[in-house]
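> Sequence and predicted structure below; questions after.
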Amino acid sequence: MPARLADFLIGFIAIQHVSFLVLEMFLWTKPLGLKVFRMSREAAEASKVLAKNQGLYNGFLAAGLLWSLLSPDPAQAFPLKVFFLACVVLAGIFGGLTAHLSILFVQALPAAVALMLLY
């Protein structure tokens, strides 16, 4: 049961990171992106290249998490899950400490819970 719950949470986290990719790469300067990130149009325009880069990294995290779920070999899937969840936790802690505290709860906490469920 914990493994199924962990997989469900990993899927949720992967979808979150695809959403972050879309927001950062394609909607950063659009009304939704401005609202979500609470930025002025000027600030968004000035930082849009950085946001695209950040979005790409979120896409890599999503791809790794999906790979871990789709791997037919449990001996391969487990270390992939651990590695990519650990990356999400670390990125979430860093973002929470340097950008906005809510990142700890939105990004790091679900990944930490999924890691605990794996063990």
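Structure received.

> next structured bit after the helix or strand hosting residue 56?
Per DSSP states H and E, residue 56 falls inside helix 41-70. Using DSSP H and E, the helix or strand that follows helix 41-70 towards the C-terminus is helix 74-98.

> how far away is residue 119 from residue 81?
Here residue 119 is placed at a distance of 11 Å from residue 81 (Cβ to Cβ, to the nearest Å). No exception for glycine: its C-beta is placed from N, CA and C like everyone else's.

> Neighbour count for these two, which is higher?
For residue 119 against residue 81, the residue with the higher neighbour count under other Cβ atoms under 10 Å is residue 81, and the figures read 24 against 7.

> quick one: the more buried one and residue 67, what's the gap?
If you measure residue 81 against residue 67 using Cβ to Cβ, the figure is 10 Å.

> Excluding chain neighbours, what is closest to the most centrally placed residue in the chain?
Computing the C-alpha centroid of the chain and ranking residues by Cα atoms, centre = their mean puts residue 17 first, at 3.7 Å. Using Cβ to Cβ, 6 or more residues apart in numbering and skipping the chain neighbours, the partner closest in space to residue 17 is residue 62 (3.7 Å).

> wait, the one you found sits on residue 10?
No - at 10.4 Å, residue 62 and residue 10 do not qualify as touching, with contact defined as Cβ atoms under 8 Å.

> okay, those two: which has more neighbours?
When neighbours are counted by other Cβ under 10 Å, residue 10 comes out ahead of the other of residue 62 and residue 10, with 26 against 21.
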